[in-house]
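Novice: Build me a model from this:
(4 chains)
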Protein chains: 2
Amino acid sequence: MAEKVTIATVARHARVSRQTVSNVLNTPQIVREETRQRVQEAIAVLGYRVSQAARQMRTGRSRLIAMRIEPTRDGINGSVLDRFLHGLTETAEAAGYRVLLYTAGDTEREIAAYDDLLSAYDLDGFVLTGTDHGDARTTWLAQREVAFVAFGRPWDDPTAHPWVDVDGAAGTARATEHLLERGHRRVGFLGWPAGSGVGDDRRSGWRESLRAAEIDPAGLDRAVEDGIAEGEWSMRDLLNSGEPPTAVVCASDSLALGALQAVRAMDPAVAVVGFDDTPVAAAVGLTSVSQPLGEAAASCVDLLTAVLDGDQQSPEPVLLQPSLVLRHTA
Amino acid sequence: MAEKVTIATVARHARVSRQTVSNVLNTPQIVREETRQRVQEAIAVLGYRVSQAARQMRTGRSRLIAMRIEPTRDGINGSVLDRFLHGLTETAEAAGYRVLLYTAGDTEREIAAYDDLLSAYDLDGFVLTGTDHGDARTTWLAQREVAFVAFGRPWDDPTAHPWVDVDGAAGTARATEHLLERGHRRVGFLGWPAGSGVGDDRRSGWRESLRAAEIDPAGLDRAVEDGIAEGEWSMRDLLNSGEPPTAVVCASDSLALGALQAVRAMDPAVAVVGFDDTPVAAAVGLTSVSQPLGEAAASCVDLLTAVLDGDQQSPEPVLLQPSLVLRHTA
DNA sequence: TCCAGAAACTTGAACGATCCAATCCTGCCT
DNA sequence: AGGCAGGATTGGATCGTTCAAGTTTCTGGA
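Specialist: Numbering: from 1, shown residues only, chains lettered A, B, ... in the order given. From the prediction side, this is the model:
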């Protein structure tokens, strides 16, 4: 077994000092071309890799970013974050960063996890997902001047921190307009109770589209917790109401799936559109609003590296447009 | 902002030396109880966390394990590894390890990634997924004496390295027996082409169960690549054959989903069982074989920590039993 | 030819924890 | 009372890198 290759080994091999090797790696422009090449060659020949631990100790930076992974819940909505994670890992790798995972039961423990990750692993930055009104996490991180990007808007103040998000209102608007174009007039909406940023945003897209078409949205929507069962019974309720809708836009694929079951049992002509374009939607032929998750992840890496490289303290937020994937149900 | 808390800060605060603090952390049994408490208190008061970078530099261990994350493919089968990853992160955290992600296009690049992760981040161990015959990765890792566990058997030699797996044959056997008990005789099988360890294993469970019931499996199975479309046309083919099956066991939920479409179009009475119990199966009411993924992940962490702590070079492999989740389709 | 000034390169110190070897206690025995 | 064994504690060296400051080499102009 060959002994460990350090910067000193490379230096000896290329007949220069440690610092010159370090310069070749970090500030190549100040090294003479000829020397640079000799060092690069030695690095290649010896198979040298910079020790992150040693570098980290001196610079305090680890080239590691962290993302929280949620306990396996639903399985339907969970897939959204999983797909985002895949994209994040790939893009981060291309930018020279690795992704470290952590779990946390609640916000308090999540903050404890930050503390741990920062002091033990010298984490460079965090990618938060699913921000909400008055998010304690962002406040904590901002106070300590820790770099982070949120996938999800700061609903209270758009300039609070760097963020990337998908325009949910535009998504439901697109879905609603599509249904209006198909001749539907009474387009319903199945969403979550008021108070969540994401939920309110998605509902507003539907509401405004109806208003623009001079249709009164009153009585056409329901607010329930997320879930297939909830989707089913609230859709049944909607279909049993005085003026039942002929189509419905849902805030999630779970709700849409439930709605679909109600529709199949009561009135198969009613159109259904879901949100998130999960694998389940693809499998059952559900028309759904698709978020550009890969792009969102890439933008997150972009913003985070911008902050980390000190280019800018608060880079421009990114708001991406979703698209409507047409299948059988609408 | 308070200055950084190091082991020296703690030592000063507890009026002991750095070494004593280190002993409290690493070999508490050699420190007098009273002293130990004083040090622990100082650690708590100051909010001290050991710097992994510094520790790693001296000891060469990082308390980091890595798992590969695949590019987003199917969405149906991808969810299996995602669920496994969730479990892995949680259990690893409980054992004091963190999970680092990496991607790799092919086996060659995966090995390059090992090299990089090992020398740059001093990774402690790897969790491999989806092993196959003559896996180049396991050979490479074993040669360099890198700790690793595979989620998936080494199909050539069961003692080649530590592994955790789910008994696929037992899963398909259970599904087949269930169908036989329900009165089915001609139970078909939709699987992958011969040559993959997992695929052959799952097929064998079905075949042996039929043989045990003195039914000739000949002509009752098909071998196709994984996918919904493939499942559909091969099921159609099976239903059009001389003696069509009255029930079918599939090697994956994708195949089962395709089969279900064929069945609905041609003969709704035919029962279908999938494999993996993905969210899609749950959503469409597909009976499916469920792998205990959380348990599998926990076992992986157990085996890996056993190797890392030097307890044993090659701990006993773990073979877990899947269960059948009954829904509408069978 | 000589020297200023820039460019290129080298040397010493530091990051924070752990390991090693040496020293200090404490209690106990002679 | 003195000596000694044993465990608890201490200081110094070390891991591999980067920063800060120092030294050499090169370049060009008077």
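Novice: residue in the stretch 201-330 of chain A nearest to DNA strand D?
Specialist: Residue nearest to DNA strand D within the stretch 201-330 of chain A (C-beta to the nearest atom of the strand): A:Gly310, separated by 12.1 Å. Bear in mind the C-beta positions are built from the backbone N, C-alpha and C, glycine included.
Novice: Strands along chain A, start to end?
Specialist: With DSSP state E as the criterion, chain A has strands at A:64-68, A:98-102, A:125-129, A:147-151, A:163-166, A:187-191, A:221-223, A:247-250, A:271-275, A:287-290, A:318-320, A:323-325.
Novice: Quick one: list the elements packing against the lowest-mean-pLDDT helix or strand in chain A.
Specialist: When the helices and strands of chain A are scored by mean pLDDT, DSSP states H and E, helix A:279-284 comes last with a mean of 88. Where contact means 3 or more C-beta pairs under 8 Å, 6 or more residues apart in numbering or on different chains; DSSP states H and E, helix A:279-284 is packed against helix A:253-266, helix B:279-284.
Novice: Not counting its own residues, what contacts the shortest one?
Specialist: This means helix B:279-284. By C-beta atoms under 8 Å, 6 or more residues apart in numbering or on different chains, the list of residues contacting helix B:279-284 from outside reads A:74-76, A:78-79, A:228, A:257, A:278-280, A:283-284, B:76, B:79, B:253, B:256-257, B:260, B:274, B:286-288, B:325, B:327.
Novice: Mind giving me the PyMOL command for buried ones among those?
Specialist: Listed next is the PyMOL selection for buried residues among these, using 16 or more other C-beta atoms under 10 Å in any protein chain shown:
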select buried, (chain A and resi 74+75+76+78+79+228+257+278+279+280+283+284) or (chain B and resi 76+79+253+256+257+260+274+286+287+288)
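Novice: excluding its backbone neighbours, what's nearest A:Ala104?
Specialist: Using C-beta to C-beta, 6 or more residues apart in numbering or on different chains and skipping residues adjacent in sequence, the residue nearest A:Ala104 is A:Glu110, 3.7 Å away.
Novice: Can you give me the distance of the one you found to DNA strand C?
Specialist: 23 Å (C-beta to the nearest atom of the strand, to the nearest Å).
Novice: try A:Glu295
Specialist: 38 Å.
Novice: hang on, the earlier thing: save the strands of chain A as TSV, and put in distance to DNA strand D too.
Specialist: Formatted as TSV, these follow (distance: least, C-beta to the nearest atom of the strand, whole Å):
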stretch	distance to DNA strand D
strand A:64-68	15
strand A:98-102	16
strand A:125-129	18
strand A:147-151	17
strand A:163-166	29
strand A:187-191	50
strand A:221-223	53
strand A:247-250	51
strand A:271-275	45
strand A:287-290	42
strand A:318-320	30
strand A:323-325	43
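Novice: Return the most buried member of those.
Specialist: strand A:247-250 (a mean of 32; mean count of other C-beta atoms under 10 Å in any protein chain shown).
Novice: Which residues of the stretch 101-250 of chain A lie near chain B?
Specialist: The stretch 101-250 of chain A comes close to chain B at residues A:101-103, A:115-116, A:119-122, A:228, as judged by C-beta under 8 Å from any C-beta of the partner chain.
Novice: same thing but at 6 Å, please
Specialist: Applying C-beta under 6 Å from any C-beta of the partner chain, we find that the stretch 101-250 of chain A lies next to chain B at A:101, A:103, A:119-122.
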